[in-house]
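1. Compute the structure for the input listed below.
(one chain, ligands or ions: 1)
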Amino acid sequence: MTSADALAGTVRLLIIGPPGAGKGTQAAKLAQIYGIPAISTGDIFRANIKEGTELGKKVQAIVESGSYVPDSLTNELVRDRLSQPDVAAGFLLDGYPRTPEQVDELDRILGGGDAGLDAVIQLVADVDEVVDRLRKRALTEGRADDTEEVLRHRQEVYAEQTAPLIDVYGDRGLVVAVDALGAVDEVTERIVSALAAR
Ligand code: B4P
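-> Down below sits the predicted model:
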């Protein structure tokens, strides 16, 4: 049985964790394994900034400061993305929802019941480790929001606004917590096994 067979049918996943936990890294691998698109709001914002679109101009300063883009802009973007035909067999959300208002909006978009999320993958990682990863990325990719001061701010914003969502999804019985430390492939294997065991 393949990993995708283990999750037969439509697969709607969310990956959540502090900045630097490896969400984007794991999302790309899981999308390939399950044959579903990974939807990263961070990537969509960065692509718009790079292309100089209207949206990109609106969000550039916010993203580069490490704060969250207003829910109104983010929700509209995700609503539109989840109306595209390629999500029919499922999707993996990376970095959305990040606030309680975004959770409510996602519930509205998915319509609840059987069409809701199947599982929420929580990447668990120590702050020192993730800050170290992001410092390394600052050197290799030069991302504008990976500077020391912005990194600290992003960790704080995550702790205040996004960490509480784990309890919200925990109460729904959806959270699968996975240790995010170790080699990239090991972490992927842990996630796939944990999802198959549900
Ligand atoms: P994101 O793009 O989601 O940024 P992030 O939290 O840092 O996650 P990222 O995917 O980059 O890091 P990852 O852990 O994969 O968001 C950026 C900004 O966009 C936000 O600050 C905000 O302004 C805005 N935004 C996005 N979504 C929003 C929303 N819903 N609402 C409002 N605003 C929103 O990887 C980090 C590094 O670790 C990588 O360099 C990787 O190579 C490395 N790594 C990964 N796994 C590893 C492993 N196992 N071992 C060693 N290194 C590893």
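
2. Next, count neighbours for Lys50.
-> 10 (other C-beta atoms under 10 Å). Quick note: C-beta positions are derived from backbone N, CA and C, even for glycine.

3. got it, and the one 3 residues further on?
-> One way to gauge burial is a neighbour count; for Thr53, by other C-beta under 10 Å, it gives 12.

4. where's Arg198 relative to the ligand, distance?
-> 22 Å (C-beta to the nearest ligand atom, to the nearest Å).

5. cool, Asp104 as well?
-> For Asp104 relative to the ligand (C-beta to the nearest ligand atom), the value is 13 Å.

6. Now the element after the strand or helix carrying Leu92, going C-ward?
-> If you go by DSSP states H and E, Leu92 is part of strand 90-94. Heading C-terminal from strand 90-94, the first helix or strand you meet, by DSSP H and E, is helix 100-110.

7. buried sites along that following helix?
-> 102-103, 105-106 (16 or more other C-beta atoms under 10 Å).

8. before we move on, the earlier item: thinking in terms of the whole chain, how far from its middle is the strand holding Leu92?
-> Relative to the mean C-alpha coordinate of its chain, strand 90-94 is positioned 8 Å out (C-alpha atoms, centre = their mean, to the nearest Å).

9. relative to helix 100-110, how tilted is it?
-> With axes from the mean of the first three to the mean of the last three C-alpha atoms, to 10 degrees applied, the angle from strand 90-94 to helix 100-110 works out at 170 degrees.

10. can you count the residues close to Gly20?
-> With other C-beta under 10 Å as criterion, Gly20 counts 26.

11. Excluding sequence neighbours, find me the nearest residue to it.
-> Leaving aside its sequence neighbours, Gly20 sits nearest to Val130 (C-beta to C-beta, 6 or more residues apart in numbering; 3.3 Å).

12. Adjacent strands (with direction) for the strand holding Leu92?
-> Strand 90-94 has the following strand partners under DSSP bridges: strand 11-16 (parallel), strand 38-40 (parallel).

13. Please work out the average pLDDT along it.
-> In this model, strand 90-94 has a mean pLDDT of 97.

14. got the contact list for the residue of the chain found nearest the ligand?
-> The ligand sits closest to Gly42 of the chain, with a gap of 1.9 Å, by C-beta to the nearest ligand atom. When contacts are counted by C-beta atoms under 8 Å, 6 or more residues apart in numbering, Gly42 touches 24, 63, 94-95.

15. Can you flag the buried ones in the residues you listed?
-> Listed as buried from the contacts of Gly42 are 63, 94-95; burial here means 16+ other C-beta under 10 Å.

16. Pipe the residues you listed into CSV and attach distance to Leu181 per row.
-> Shown next, in CSV, are these (distance: C-beta to C-beta, whole Å):
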residue, distance to Leu181
Val63, 27
Asp94, 19
Gly95, 20
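
17. Same list (those) but as JSON lines, adding distance to the ligand.
-> Output for these, formatted as JSON lines (distance: C-beta to the nearest ligand atom, whole Å):
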{"residue": "Val63", "distance to the ligand": "4"}
{"residue": "Asp94", "distance to the ligand": "6"}
{"residue": "Gly95", "distance to the ligand": "3"}
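
18. Flag every residue of the chain that's near the ligand.
-> Contact residues, the chain versus the ligand (C-beta under 6 Å from any ligand atom): 19-25, 40-42, 45, 62-63, 66-69, 74, 95-96, 98, 102, 133-134, 137, 145, 154, 184, 187.
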